[in-house]
Each structure stands twice: as structure tokens, then as C-alpha cells.
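Trainee: the sequence and its predicted three-dimensional model are supplied below.
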Amino acid sequence: MVPVKKEDLRQLVTHTTIEIYEELTPQLIKLIDETKHDDSLTEAQKQDEISLHMMGYVKSCTNEIMIEVLAEILGIQED
């Protein structure tokens, strides 16, 4: 779908955002769980690591959202 109005673009981005966040959430949960159970880290280090995981998650999601939306608009196919 190539959006012709801002509302169409908004819907495309919203739909893609939901899909990407749902797709990548299990990886984030796994990383957080592993970090919480890492006995070699202090509680402060665990919180720092979890914060880094969260930032990486948001960055990854944002990148994938942009790629997916642009690919849809430009008609770029998967390899």
C-alpha cells in the first residue's frame, strides 16, 4: 500500500510499529531474563545492562519500522 494521505501513512506506520515491537519483544525478554539471573553482575550492573538492552530494543525496532515502511512505499522486495 502506497499512502496518498498523511492518515494513510500514519496507519501504515502504526500497523508496522505494532508488528515489529511484537516480533522483537521475545528477544528482549530473553536478554532481560538472562541478565537478571547473571550472578556475576551486581544489582546496579544488572540494571545498567537492562537499560542497554531496552535502548537497543527501541533502536532495533525503530530501524526495522523505517525499513519496512520505506520498502512498502517504494515497492522494494525481500531478497
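Mentor: Alright, I've got the coordinates. Numbers count the residues shown, from 1 in each chain.
Trainee: in the strand or helix carrying residue 72, what's buried?
Mentor: Here residue 72, judged by DSSP states H and E, is contained in helix 43-74. Using 16 or more other Cβ atoms under 10 Å as the test for burial, helix 43-74 gives 46, 49, 53, 57, 61, 64-65, 68-69, 72. The C-beta positions use only the backbone N, C-alpha and C, and glycine is treated the same way.
Trainee: among those, which pair sits farthest apart?
Mentor: Within the buried residues of helix 43-74, 46 and 72 form the most distant pair, 38.4 Å apart (Cβ to Cβ).
Trainee: related to what we said a few turns ago, which secondary structure elements does the helix holding residue 72 contact?
Mentor: helix 6-36 (3 or more Cβ pairs under 8 Å, 6 or more residues apart in numbering; DSSP states H and E).
Trainee: how far away from the center of its chain is the helix it packs on?
Mentor: Averaging C-alpha positions (Cα atoms, centre = their mean, to the nearest Å) puts helix 6-36 4 Å from its chain's average.
Trainee: state the mean pLDDT of that helix.
Mentor: Per-residue pLDDT values over helix 6-36 give a mean of 97.
Trainee: I'm done for today, thanks for sticking with me.
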